[in-house]
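**Student:** here is a sequence together with a model predicted from it:
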Amino acid sequence: MLVAAAVCPCPPLLVPEVASGAAPELDAARAACTDALGVLAAARPDLLIVIGPAGPEGRGPHPQGARGSFRGFGVDLEVTLGSRPGATGGAGKTSEAGAAALDRELPPSLAVAGWLLARTEWSAAPVEGLGVGEPLTAERCLKAGRDLGARADRVALLVMGDASACRTLKAPGYLDERAAGFDAEVARALAAADVAALKALDEELAYELKAAGRAPWQVLAGAAESTTLSGELLHEDAPYGVGYLVAAWS
């Protein structure tokens, strides 16, 4: 059953080495993400599942210890999703299939999550990742969420994803006058833990606004639909014309 969730943006710019001289501009977002992860740890989950948007190569499950990097963004920095098997004195051998899964590179959204978890020295529960295809229908997102929520007695979700990328003329998707309203409704839904509102997000509009978080948010909605969690919006901003939202549910 879902006992807590954190929603964070997933731009590689959250990683200071990637942002370089612009790193201070996202200090508030980083601090909010740290606070959100603190809510997850306080919930004492049995399992943490990290969900993030992914292209075809990164979709599907990623085990604890899977590697990612930011080389594609010009920085020679590697991360793992939680600790590698055996790194903290745990079970030793990994099966051949497990080793292959560990060698499959994390999509950027889960690499950012790995960086956040390492930064906060996450040790509250085992970690798994799930890369979600951005075109995934709402119905399939909701089903995936229900399945994840049933994985353990106490499940926590770290949900990675950006809001619209069309807030300004210089935004990746150029200016779209619908973007601010879309982001405001998502922010309201996350603040209120409004599962029905997240379920009802317009898939086509989210696609047109390049809102990569739509599918992960709807997976969250599926996991939370039988819970009574409350929400809090910890951060809302749109640097570079992209909506970044941080929220915590508990």
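**Tutor:** Received it, and whenever you're ready, just let me know what you need.

**Student:** for W122, give me phi and psi.
**Tutor:** Main-chain torsions, W122, degrees, to the nearest 10: phi -60, psi 130.

**Student:** tell me the pLDDT at it?
**Tutor:** Turning to W122, the model gives it a pLDDT of 95.

**Student:** got the CA positions of stretch 2-20 in CSV?
**Tutor:** Taking Å, rounded to 0.1, in the frame of the first residue of the first chain, the C-alpha atoms of stretch 2-20 are listed here in CSV:
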residue,chain,number,x,y,z
LEU,A,2,1.2,3.5,-0.8
VAL,A,3,2.2,5.3,2.4
ALA,A,4,4.1,8.3,1.0
ALA,A,5,5.2,9.9,-2.3
ALA,A,6,7.6,12.6,-3.4
VAL,A,7,7.2,14.4,-6.7
CYS,A,8,10.4,16.0,-8.1
PRO,A,9,11.4,17.5,-11.5
CYS,A,10,14.0,15.6,-13.5
PRO,A,11,16.2,18.1,-15.4
PRO,A,12,19.8,17.1,-15.4
LEU,A,13,20.4,20.7,-14.5
LEU,A,14,19.5,19.7,-10.9
VAL,A,15,23.0,18.2,-10.8
PRO,A,16,25.4,21.1,-10.1
GLU,A,17,28.2,19.6,-12.2
VAL,A,18,25.8,19.6,-15.2
ALA,A,19,24.4,23.1,-14.5
SER,A,20,27.9,24.5,-13.9
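
**Student:** now that stretch: average pLDDT?
**Tutor:** What stretch 2-20 shows for mean pLDDT is 96.

**Student:** just list whatever residues bridge to the most centrally placed residue in the chain.
**Tutor:** For the chain, M160 is the residue whose C-alpha lies nearest the centre (Cα atoms, centre = their mean; 1.4 Å). On the basis of DSSP bridges, M160 is bridged to C8.

**Student:** all helices of the chain, in order?
**Tutor:** Ranges of helices in the chain, per DSSP state H, are 16-19, 27-42, 96-103, 108-119, 138-149, 179-192, 195-199, 203-208, 214-224.

**Student:** ok, back up a step: check the residue nearest to the centre of the chain and give its pLDDT.
**Tutor:** 98.

**Student:** again with the one 3 residues further on
**Tutor:** Looking at A163, its pLDDT is 98.

**Student:** check the one 5 residues further on too.
**Tutor:** T168 carries a pLDDT score of 96 in this model.

**Student:** what of A87?
**Tutor:** A87 is assigned a predicted lDDT (pLDDT) of 51.

**Student:** for the one 10 residues further on, same thing?
**Tutor:** At A97 the predicted local confidence, pLDDT, stands at 44.

**Student:** same question for R84.
**Tutor:** R84 is assigned a pLDDT of 78 by the prediction.

**Student:** kindly provide the distance from A163 to P63.
**Tutor:** According to Cβ to Cβ, to the nearest Å, A163 and P63 sit 29 Å apart. For glycine as for every other residue, the C-beta is placed from the backbone atoms N, C-alpha and C.

**Student:** skipping adjacent residues, who's closest to A22 in space?
**Tutor:** Using Cβ to Cβ, 6 or more residues apart in numbering and skipping residues adjacent in sequence, the residue nearest A22 is L13, 6.9 Å away.

**Student:** can you give me the neighbour number for that neighbour?
**Tutor:** Look at L13: counted by other Cβ atoms under 10 Å, it has 21 neighbours.

**Student:** residues in contact with it?
**Tutor:** By Cβ atoms under 8 Å, 6 or more residues apart in numbering, L13 lies in contact with A19, A22, L26, Y240.
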